[in-house]
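Colleague: 3D model of this:
(one chain, ligands or ions: 1)
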Amino acid sequence: MIALSFSNILEINSAYRAVWQAPSNIALVKYWGKKALQQPVNASLSMTLSKAASKTSVEVRPSEQRTISFSFEGKQKPEFIPKIDQFFKRIENYCPWINRAAFTIKSENTFPHSAGIASSASSMAALALALTDIDEQLNPGKGDEDFLMKASFLARLASGSASRSVYGGYSVWGLHPEFSRSSDTYAIGYEKIHPVFESFHDDVLITDSQPKAVSSTAGHGLMNNHPFLEGRIAQADKNIRELATALQDGDLNRFIEITENEALTLHGLMMSSEKSFMLIKPTTLAIIKAVRNFRKQSDVPVCFTLDAGPNVHLLYPDKAKEKVQQFIKDELLQYCENQFYLEDITGAGPKKQESYDA
Ligand code: DP6
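Modeller: Have a look, this model is predicted:
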């Protein structure tokens, strides 16, 4: 593991500000289950998206004690402060200055609320990047070689999947022998990518925009005593190794097999845990069936993955775009709430912004 150098500065003596935009990501090999404070039971691998993102501005000024004001899309949202405060408690050993600062945090998403997609990865990555930026401003001259790793380390302490959102393309979070600099405490970028996976589509078919029935934090807890835990760890270790090879070789068939296996495993684990959850809906299953039929009949390399919810992510290479778009219109839109879906594609990663309002 690489030692990350945070400022360790105890207090700020003037005002600082940083604004970052960070994208969401879709896990191909899923993170499901924790073994220690925000450390995963298995390594996960994700693709960073381009359009689904959060923009966050953090302003701090000196203060006797920590205070937080948080607004989302222009409205004060005090109900989010406990989560931010819990995150700050987890990182105060690395950035002690946060204990003597008044925070004004503003955030917004680039995707509609109605989409029902989780925003914790993008929003927590944007917040962590802004905090890392301020930490570096406090300690100039240290160089920013490990800037993204530090941001990933902090982001993970807010939300595990957020640790992967600080890189463009593909990233891996969790220690695994296949990835030399990998760690349970921060994600790394995975760059051995065949051109076919460089612009890979992820269209999110919204079957239900209602909030999730189980928070992912509670969901991860269900893995603690799960009868399949050991088998799951072995399966994920094998899947991530083979997926890395498929991404490198441009092997679409193997990519499809592993990605769908991971999606169904995630939901299988939820359904078979002591407290059982079924988050997929009849429309989710109808889409899965239609995708598999279409692939068999047309040979178009399109597959699905799922998050912890009923919406379906359709994944396919750019060269299949026209055929898949037609397929969505002809066969899948009938299963989407208000015939709604979001189009996205592999993204280049977070961006620092000059101002929040630009
Ligand atoms: C199913 O990152 O939301 O999306 O660390 O408790 O915030 P916390 O969980 P979170 O879990 C995401 C789980 C998943 C799979 C994944 O993104 O790897």
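
Colleague: near the ligand, which residues of the stretch 101-250 of the chain show up?
Modeller: Residues of the stretch 101-250 of the chain found near the ligand (C-beta under 6 Å from any ligand atom) are 120, 159-161, 216-217, 220. Placement of C-beta: from N, CA and C, glycine included.

Colleague: of the residues you listed, buried ones?
Modeller: 120, 159-161, 216, 220 (16 or more other C-beta atoms under 10 Å).

Colleague: which one of the residues you listed sits closest to Tyr186?
Modeller: Distance ranking of those against Tyr186, using C-beta to C-beta, places Gly160 first at 10.9 Å.

Colleague: tell me who's in contact with the closest one.
Modeller: Neighbouring residues of Gly160 by C-beta atoms under 8 Å, 6 or more residues apart in numbering: 31, 34, 38, 40, 173, 220.

Colleague: in helices, which of these fall?
Modeller: Among the contacts of Gly160, DSSP state H puts His220 in helices.

Colleague: now, which of the residues of the stretch 101-250 of the chain next to the ligand lie within helices?
Modeller: 120, 216-217, 220.

Colleague: tell me the two of those residues that are most distant?
Modeller: Greatest spatial distance among these (C-beta to C-beta): Ser120 and His220, at 12.5 Å.

Colleague: spell out, range by range, the strands that occur in the chain.
Modeller: Using DSSP state E, the strands of the chain run over 16-29, 34-36, 39-40, 44-62, 67-72, 75-76, 101-109, 170-173, 187-190, 200-205, 303-306, 312-317, 341-345, 351-353.

Colleague: among those strands, which is the most enclosed?
Modeller: Ranked by mean neighbour count, the strands of the chain are led by strand 170-173 with a mean of 27 (mean count of other C-beta atoms under 10 Å).

Colleague: strands paired with that one, and their directions?
Modeller: Take DSSP bridges as the rule and strand 170-173 pairs in its sheet with strand 44-62 (antiparallel), strand 187-190 (antiparallel).

Colleague: rounded mean pLDDT for that strand, please.
Modeller: Mean per-residue pLDDT for strand 170-173: 98.

Colleague: need the residues of the stretch 101-250 of the chain next to the ligand in TSV (columns: pLDDT).
Modeller: Converted to TSV, those look like this (pLDDT from 0 to 100):
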residue	pLDDT
Ser120	89
Ser159	96
Gly160	97
Ser161	97
Ser216	81
Thr217	81
His220	95
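
Colleague: stretch 14-28 vs the ligand: in contact?
Modeller: Yes. For stretch 14-28 and the ligand, the contact criterion (C-beta under 6 Å from any ligand atom) is met by Ala27.

Colleague: and Lys150, which of the strands of the chain is closest to it?
Modeller: Across those, Lys150 has its closest neighbour in strand 187-190 (11.6 Å, C-beta to C-beta).

Colleague: what separates the closest one from the chain centre, distance-wise?
Modeller: Chain-centre distance of strand 187-190: 13 Å, with C-alpha atoms, centre = their mean, to the nearest Å.

Colleague: just the mean pLDDT for it, thanks.
Modeller: The model assigns strand 187-190 a mean pLDDT of 98.

Colleague: Asp330: how many residues sit nearby?
Modeller: 11 (other C-beta atoms under 10 Å).

Colleague: number of residues surrounding Glu178?
Modeller: By other C-beta under 10 Å, the burial measure for Glu178, its neighbour count, is 16.

Colleague: quick one, phi psi at the residue of the stretch 251-358 of the chain found nearest the ligand?
Modeller: Using C-beta to the nearest ligand atom, the closest approach of the stretch 251-358 of the chain to the ligand is made by Ala308 at 4.0 Å. When quoted as degrees, to the nearest 10, the phi and psi of Ala308 stand at phi -80, psi 70.

Colleague: contact partners for it?
Modeller: Ala308 is in contact with 118, 212, 214, 216, 219, 266, 270, 279, counting by C-beta under 8 Å, 6+ apart.

Colleague: gap between it and Thr217?
Modeller: From Ala308 across to Thr217, the span is 11 Å (C-beta to C-beta, to the nearest Å).

Colleague: about what we covered before: of the strands of the chain, which approaches Phe153 most closely?
Modeller: Taking the strands of the chain one by one with C-beta to C-beta, strand 187-190 is closest: 8.9 Å.

Colleague: what lies in contact with the closest one?
Modeller: For strand 187-190, the surrounding residues in contact (C-beta under 8 Å, 6+ apart) are 45, 148-149, 152, 156, 163-164, 166-173, 179, 181-182, 244, 247.

Colleague: if we can go back for a sec, distance to Glu108 added to the strands paired with strand 170-173, as a markdown table?
Modeller: Output for the strands paired with strand 170-173, formatted as a markdown table (distance: least, C-beta to C-beta, whole Å):
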| stretch | distance to Glu108 |
| --- | --- |
| strand 44-62 | 5 |
| strand 187-190 | 24 |
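
Colleague: apart from its chain neighbours, what residue comes closest to Gly208?
Modeller: Just to correct that, residue 208 is Asp rather than Gly. Pro310 (4.7 Å; C-beta to C-beta, 6 or more residues apart in numbering).

Colleague: ditto for Ala286
Modeller: Spatially, and ignoring its direct neighbours in sequence, Ala286 is nearest to Tyr335 (5.2 Å; C-beta to C-beta, 6+ apart).

Colleague: do the same with Ser216
Modeller: Distances taken as C-beta to C-beta, 6+ apart place Ala308 nearest to Ser216, at 5.4 Å, with adjacent residues excluded.
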